[in-house]
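Peer 1: show me the folded form of this:
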Amino acid sequence: MLKDKAKIRAEREARLRQRIRKTVRGTAERPRVFVLKSNRYVYTQAVNDETGTILASACTLEKSFREQHKNTKNISSCEALGEILAERLKAKNIGAVVFDRGAHPYHGRIKALAEAMRKGGLVF
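Peer 2: Numbering: from 1, shown residues only. Just a heads-up that it's a prediction; the model follows:
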């Protein structure tokens, strides 16, 4: 039987995500920052994988973010999102993170987000 293209893509992304998660683990001192891109918004969270808790999060869906930025899925909004997450992590005295891009390639919006977090003072 032929598989649907969407199902093939979802299986491929699940394999990639699982392969990355085998090696990338977050701790309390160095949490894992992962990125989720939807068709409209970009979500980021810093997670302690040892306890399964979320230490900080930021997304383009937040009301304060949408008041300042009209478009929520371009490179400039991802840069602003990276700066916001870096601020929130710095406020919790976290200076080093592990970056988890998921199944997304490291270019475009993902790269802009990572570079903005580095510019904000995070080390990874």
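
Peer 1: grab the longest helix from the chain for me.
Peer 2: helix 5-23 (DSSP state H).

Peer 1: and that helix, how far from the chain's centre?
Peer 2: What separates the centre of helix 5-23 from the centre of its chain is 16 Å, taken as CA atoms, centre = their mean, to the nearest Å.

Peer 1: right, and the helix or strand after it?
Peer 2: Moving toward the C-terminus from helix 5-23, the next helix or strand (DSSP states H and E) is strand 32-37.

Peer 1: return the list of helices and strands in contact with the helix or strand where residue 90 lies.
Peer 2: Using DSSP H and E, residue 90 maps to helix 75-91. Here helix 75-91 touches strand 42-48, strand 53-59, helix 63-68, helix 109-119, going by 3 or more CB pairs under 8 Å, 6 or more residues apart in numbering; DSSP states H and E. (C-beta placed from N, C-alpha, C; glycine too.)

Peer 1: distance of residue 104 relative to residue 122?
Peer 2: Distance, residue 104 to residue 122, using CB to CB, to the nearest Å: 19 Å.

Peer 1: who has more neighbours out of these two?
Peer 2: The neighbour comparison of residue 104 against residue 122 (other CB atoms under 10 Å) goes to residue 122, with 21 against 18.
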